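Asker: Starting from these lines, generate the structure:
(chains A and B)
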Amino acid sequence: MNDIEMRFDLGLSGFRLDVDLTLPGKGVSAIFGHSGSGKTTLLRCVAGLESPDAGQLTVNGESWFDSAAGINLATHRRPLGYVFQEASLFPHLSVRDNMLFGWKRIPPERRQIEFDQVAELLGIEPLLDRAPARLSGGERQRVAIARALLTSPSLLLMDEPLSALDGRSKNEILPFLERLHDELAIPVLYISHSPDEVMRLADHLVLLDKGQASASGPMVELATRLDLTLARGESAAAIIDAQVESHDDHYHLSYLRFAGGRLTVSRHDYPVDHPVRVILHARDISLTLEPPGRTSILNVFKGTVIDYIAEPPARTLVRVDCNGAILLARVTWKSAEELALKAGREVFAQVKSVALMGGGVGANG
Amino acid sequence: MDYTPVWLTLKLASITTLVLLVIGAPIAWWLARTRCWCKQPISALVALPLVLPPTVLGFYLLLALGANGPLGKLSMELTGEPLAFTFTGLVIGSVIYSMPFVIQPLQNAFEAIGDRPLEVAATLRASRWDTFFSVVLPLARPGLLTGATLGFAHTVGEFGVILMIGGNIPGETKVLSVAIYDHVEMLEYDQANILAGGMLVFAFLVLLIMHLLNKRLQKVGQ
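Answerer: Okay, here's the model as predicted:
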């Protein structure tokens, strides 16, 4: 019962959305695909802004749409929050009144998220009395997210909330989204065409292609599947869910525990045992056959090659199993031949830099 | 100097504007949102008073409101009086005559809002009615203001239709424009001048205030 089941069949002129998905009822599920793949249409179907020709939608046991049973809840009756690509704040209302618009319209006993809590979480307190016209793009989008959260939704829909923003505003909002993920137990459907965003935020991933879901599964697994688009891009990476083991104040480092061993990263402030997500980009990992001798690289993990895929003309993408944790390494075709890489071969993966999700705690080596 | 026509005119224009806003807003909203084939014919119907000579409109209104007309008969049965040559008749005539001046600015304002604010409101739990009052009307404020002003001013300046269906009954149907005409007929240019001059100043002030308010509203909306 604790999940989101959707089956939509919707024909628009020259396009057909045809999906059948079961998504976890908690955490962030990213819907990833190129523009025109039907991401927004899918989200609009969930919100009831679009009516599928056939299908059904059940959110944590509640039926929102069922063409066979004749159920089609109007959008304003679905307990959801929707963050559009553009903030779409009401220009005639102040920031505060924008935020209270939905809050006022839900019964008091359903209000689980407090105004002050959200204003603090998204850093909006200094903006409350301003008109939307007086906000920057990033501020507007934060208000839009706060406004959606204040309806205490049982499902939060976000349609590329960062795509209309410049790089700086993006980096201003991402930490808020991560806090949201950590602090509020609301399932989120998050649309994106940015691999970096998806890797930072998603727990579950749906790949959408021409109106059909080509894959759906845990983010950590799908990121390293060589047959899927994520591993094909420049930002191909393995996602490692780790825990803080200890901090080293002398060298200003922190140690993380994961299946493949111990990761050393720059000192950060997460408490011991706190879960952290680490992104290891394929381009930052090199392979050797012998354990490296004296090297400046701190993160070296022993593993076995699972498989690889050629990336013509010059490169090869290799999948390595480090005691259950899967890493991706992008090496030259020449190196792959010289190391005679093949399935089962024992290798050492040298990680040149580690991106820690959250604090942007970066490289070491 | 008899100022009754002035008050009568203001009363007529105020009531007409109020009636037009109440019935015009839903019509304009429907015209702005509908995809029905009948949108164009109904738009044309609403716009008819723009192009018809007032006497033509007045003539048909006279037929409809008179003792033998459909509306007149209905009124005879309900109140014992026909509608032609009464203040109520003038209100009905003015509402029809000034309708495009209220509906068209409203419709433009509604269309300019687009779908997005309505969708946002729906995702924030607002029903259609709720959205209309809490989002659509506030966002259409400049259009409401323009519509109300034009409707009011146009009713104040009405002459042909009133002459046809209202005649010239002091205190009942003798409005400003008719009074001016009367004074001129009787060569009372002084009185005509006072009324006409007052109307000129009034019209100018109305338009000025409308422009200033619109400018302020637009600033708020940005």
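Asker: Let me know the average pLDDT across the helix or strand containing B:Asn214.
Answerer: With elements taken from DSSP states H and E, the one containing B:Asn214 is helix B:189-221. The average pLDDT for helix B:189-221 rounds to 84.
Asker: so where's chain A uncertain?
Answerer: In the predicted model, chain A carries pLDDT under 70 at residues A:1, A:358-365.
Asker: rerun that using 80 as the cut-off
Answerer: Along chain A, the model assigns pLDDT under 80 to residues A:1, A:164, A:169, A:172, A:179-184, A:229, A:231-232, A:355-365.
Asker: Which residue ranges make up the domains of it?
Answerer: Listed by automatic domain parsing, the domain ranges of chain A are A:3-223, A:237-356.
Asker: mind listing what the residue lying farthest from the centre of chain B touches?
Answerer: In terms of distance from the mean C-alpha position of chain B, B:Thr123 ranks first, at 35.6 Å (Cα atoms, centre = their mean). Listed by Cβ atoms under 8 Å, 6 or more residues apart in numbering or on different chains, the contact set of B:Thr123 reads A:47, A:49, A:75-76, A:80-82, A:102, A:148, A:157. In this view, the C-beta of every residue, glycine as well, is placed from N, C-alpha and C.
Asker: again with A:Leu189
Answerer: A:4, A:23, A:29, A:31, A:43, A:46, A:155-158.
Asker: of all those, which comes closest to chain B?
Answerer: Minimum distance to chain B across these is 8.0 Å, recorded for A:Leu157 (Cβ to the nearest Cβ).
Asker: Burial check on that closest one, number of neighbours?
Answerer: Residue crowding around A:Leu157 was assessed by other Cβ atoms under 10 Å in any protein chain shown; the count is 26.
Asker: Please name the nearest non-neighbouring residue to A:Arg257.
Answerer: For A:Arg257, the nearest residue in space outside its immediate sequence neighbours is A:Glu245; the separation is 4.4 Å by Cβ to Cβ, 6 or more residues apart in numbering or on different chains.
Asker: Let me know the next secondary structure element after the strand or helix carrying B:Ile92.
Answerer: Under the criterion of DSSP H and E, B:Ile92 resides in helix B:87-113. Past helix B:87-113, further along toward the C-terminus, the next helix or strand under DSSP H and E is helix B:116-123.
Asker: Report the buried residues of that following helix.
Answerer: For helix B:116-123, burial by neighbour count (16 or more other Cβ atoms under 10 Å in any protein chain shown) applies to B:117-123.
Asker: So B:Ile42, which state does it fall into?
Answerer: Assigned with DSSP: H, G, I helix; E, B strand; the rest coil, B:Ile42 falls in the helix class.
Asker: where does A:Leu317 fall, phi/psi-wise?
Answerer: phi -110, psi 120 (degrees, to the nearest 10).
Asker: Isn't it up against A:Leu230?
Answerer: No. Counting by Cβ atoms under 8 Å, no contact exists between A:Leu317 and A:Leu230, whose distance comes to 11.4 Å.
Asker: Give me the common contacts of these two.
Answerer: The contact sets of A:Leu317 and A:Leu230 overlap at A:Ala236 (Cβ under 8 Å, 6+ apart).
Asker: next one: the helix holding B:Asn214 to chain centre, how far?
Answerer: Once both centres are worked out by Cα atoms, centre = their mean, to the nearest Å, helix B:189-221 turns out to sit 17 Å from its chain's centre.
Asker: Show me what it is packed against.
Answerer: Packing partners of helix B:189-221 (3 or more Cβ pairs under 8 Å, 6 or more residues apart in numbering or on different chains; DSSP states H and E): helix B:4-33, helix B:141-156, helix B:176-185.
Asker: at 6 Å instead, please
Answerer: When contacts are defined as 3 or more Cβ pairs under 6 Å, 6 or more residues apart in numbering or on different chains; DSSP states H and E, helix B:189-221 packs onto helix B:141-156, helix B:176-185.
Asker: Next, the angle helix B:4-33 makes with it.
Answerer: For helix B:189-221 against helix B:4-33, the angle between stretch directions is 30 degrees (axes from the mean of the first three to the mean of the last three Cα atoms, to 10 degrees).
Asker: Buried residues of helix B:189-221, list them for me.
Answerer: When burial is assessed from 16+ other Cβ under 10 Å, helix B:189-221 yields the following buried residues: B:191-192, B:194-196, B:199, B:202, B:210, B:214, B:217.
Asker: any residues touching stretch A:78-85, and which ones?
Answerer: By Cβ atoms under 6 Å, 6 or more residues apart in numbering or on different chains, the surrounding residues in contact with stretch A:78-85 are A:47-48, A:64, A:144-145, A:148, A:151, A:153-161, A:163-164, B:123.
Asker: for that stretch, how far is the first residue from the last?
Answerer: End-to-end distance for stretch A:78-85: 20 Å, by Cα to Cα, to the nearest Å.
Asker: Nice, that's everything, thank you.
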